[in-house]
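Visitor: Requesting a structural model of the entry that follows:
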Amino acid sequence: MFGKAPRRYLRQAGLRVFGFKSEQKEYKALFNEILDAPLVGRWEIKNSEKTLIDSGIIERFIDMIKPFISEESDSVNDNFRRDSQWFYPLEAIREVFINALAHRDWTRFVEIEIGSYSNRLEVISPGALPNSIR
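Guide: Numbers count the residues shown, from 1 in each chain. Now for the predicted structure:
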């Protein structure tokens, strides 16, 4: 999970992210990608300076999904910046993804799926609750 390409040896370590304009899955997706990256970013430390080499899967996912879970204002504010309106709190999106990673069934060889639809964000994490909990 912390190597350069974890899916090379652990096929289920990826994340499938897709989006649709409609409320259901349809033939034409806005995007459909499988992310393969270390769980967290890789950093290089030289002379007491820290430099990001690669973004982790969490950061890549957030960067990819941002345009579909937020909307920018048409006008600029007093600081010449556009205000963003978030459909979901970014911290909640991050937490849902981390929970899906931590609690998935790692013996199943399918990716976690996160789908963006016109009316919702859907997370599918492989596996079931332990000990037949319903």
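
Visitor: partners of the residue lying closest to V17 once chain neighbours are set aside in the sheet?
Guide: In this structure, V17 finds its nearest non-sequential neighbour in I114, 5.2 Å apart by Cβ to Cβ, 6 or more residues apart in numbering. Where you see a C-beta, it was placed from the backbone N, CA and C, and this is true even at glycine. Assessed by DSSP bridges, I114 has beta-bridge partners V17, V123.

Visitor: Show me the shaky parts of the chain.
Guide: Along the chain, the parts satisfying pLDDT under 70 run over 1-2, 129-134.

Visitor: which ones are touching the residue most central in space within the chain?
Guide: Centroid-nearest residue in the chain: F61, 3.0 Å away (criterion: Cα atoms, centre = their mean). By Cβ atoms under 8 Å, 6 or more residues apart in numbering, the contact set of F61 is L15, V17, L35, F97, I114.

Visitor: hey, where'd the strands end up in this structure?
Guide: 15-19, 31-35, 42-46, 49-54, 70-76, 82-86, 112-116, 121-124 (DSSP state E).

Visitor: List of residues touching the fifth one?
Guide: Residues external to strand 70-76 that are found in contact with it (Cβ under 8 Å, 6+ apart): R82, D83, S84, Q85, W86, F87.
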